[in-house]
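Undergrad: with the input below, show me the fold.
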Amino acid sequence: MNSERRKPEAGLYLIATPIGTARDITLRALDLLGTADVLVAEDTRSLRHLMEIHGIGLGARPLWAYHDHNGERMRPRIMAALAAGQVVVYAAEAGTPMVADPGFDLARAAVAAGYRLVSAPGPSAAIAALTLSGLPTDRFLFAGFLPATAARRRAALQELAAVPATLVFYESPRRVAAMLADAARVLGDERPAALCREITKKFEEIRRDTLTALATGCAAESLKGEIVVVIDRGDSSNIREMDLDREVKEALNYGSVRDAADEVAARFGLSRRKVYQRALQLAAGLDRPDGAED
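TA: Just a heads-up that it's a prediction; the model follows:
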């Protein structure tokens, strides 16, 4: 341990770890790793390797694992260390703690008990992807991982369709093609998006195109690595009546009046009542049996 490092006050310290390149760690995070009484990590092997790279010895200090499967058992042990006035550092496997990370319950417990909670900011895959996407950054929503099943994934996307912000998702390389195809169907096939893969790593790749084009490209190959999908916000401010009618008629081809109204209203951020009334009129003109009511 470097004797020049000044030991911080007792409390729980959240440190961000690199999402790829080991040198992306901050000097403050290295100081905390070198001075903490107790080290806690989502993945102890990853943290131990990171410390070795930067020449920080563990010594006799404990290194405890904290993840989704042992949180209930480990929290009391960590809380006891805080009660004893120790400096406890928690590190996510990669990136910033609390962002798609199991440390939330630990941080909440520390706050509830009145212990000091400190963040040492650093790498975040969501923020890095947003900056690389070329899409608007003034307002964005991090939505984490979408459900694995198609029906639930589409329902989740439908809820987000009207959000006036750039959308950021984490996704598995095995499901990303299906996710993009569903996003194209729900959010609009021409909606701009970016697929960011292996950010800061050797094979970093950024694809920028429409949702349909990205879905087609991903379906034709087998991707590997960590993936972040960034999708542009919808723009309903200038939608023309003829374009709205076209979208409603298309939705009526495979759904009821209610379903068509819900989908189109969510996709373009429009009043559901307004779209529903127009769908009723169009369905009547198409001699739909549900034209009057559904």
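
Undergrad: now the helices: where do they sit in the chain?
TA: Secondary structure of the chain (DSSP state H): helices located at 27-35, 44-53, 71-83, 104-112, 125-133, 150-160, 176-187, 211-219, 241-252, 257-268, 272-285.

Undergrad: what's the closest of the ones you listed to Val118?
TA: helix 27-35 (8.8 Å; Cβ to Cβ). Backbone N, C-alpha and C define where each C-beta goes, glycine included.

Undergrad: re earlier: the helices of the chain: which one's closest to Ile227?
TA: helix 176-187 (5.4 Å).

Undergrad: can you tell me how far the most centrally placed residue in the chain is from Asp101?
TA: Here the mean C-alpha position of the chain is nearest to the C-alpha of Gly144 (Cα atoms, centre = their mean), at a distance of 2.8 Å. Distance, Gly144 to Asp101, by Cβ to Cβ, to the nearest Å: 10 Å.

Undergrad: thinking again about what came up before, need the helices of the chain in a markdown table with mean neighbour count, distance to Arg197 and mean pLDDT, can you?
TA: What follows is the helices of the chain, written out as a markdown table (neighbours: other Cβ atoms under 10 Å; distance: least, Cβ to Cβ, whole Å; pLDDT from 0 to 100):
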| stretch | mean neighbour count | distance to Arg197 | mean pLDDT |
| --- | --- | --- | --- |
| helix 27-35 | 19 | 25 | 97 |
| helix 44-53 | 16 | 20 | 97 |
| helix 71-83 | 15 | 30 | 97 |
| helix 104-112 | 16 | 26 | 96 |
| helix 125-133 | 20 | 9 | 97 |
| helix 150-160 | 16 | 20 | 94 |
| helix 176-187 | 22 | 9 | 95 |
| helix 211-219 | 20 | 10 | 96 |
| helix 241-252 | 16 | 31 | 87 |
| helix 257-268 | 22 | 27 | 84 |
| helix 272-285 | 17 | 36 | 86 |
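
Undergrad: redo those as CSV? Include distance to Ile227.
TA: Shown next, in CSV, are these (distance: least, Cβ to Cβ, whole Å):
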stretch, distance to Ile227
helix 27-35, 25
helix 44-53, 19
helix 71-83, 26
helix 104-112, 22
helix 125-133, 9
helix 150-160, 15
helix 176-187, 5
helix 211-219, 9
helix 241-252, 29
helix 257-268, 24
helix 272-285, 32
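
Undergrad: out of those helices, nearest to Phe140?
TA: Nearest to Phe140, of these and by Cβ to Cβ, is helix 125-133 at 5.9 Å.

Undergrad: can you dump the C-alpha coordinates of that closest one into CSV?
TA: Provided in CSV are the C-alpha atoms of helix 125-133 (Å, rounded to 0.1, in the frame of the first residue of the first chain):
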residue,chain,number,x,y,z
ALA,A,125,-21.0,2.2,-20.9
ALA,A,126,-24.3,4.0,-21.2
ILE,A,127,-22.8,7.5,-21.1
ALA,A,128,-19.9,6.4,-23.4
ALA,A,129,-22.3,5.0,-26.0
LEU,A,130,-24.5,8.1,-25.8
THR,A,131,-21.5,10.3,-26.6
LEU,A,132,-20.5,8.0,-29.5
SER,A,133,-23.9,7.6,-31.0
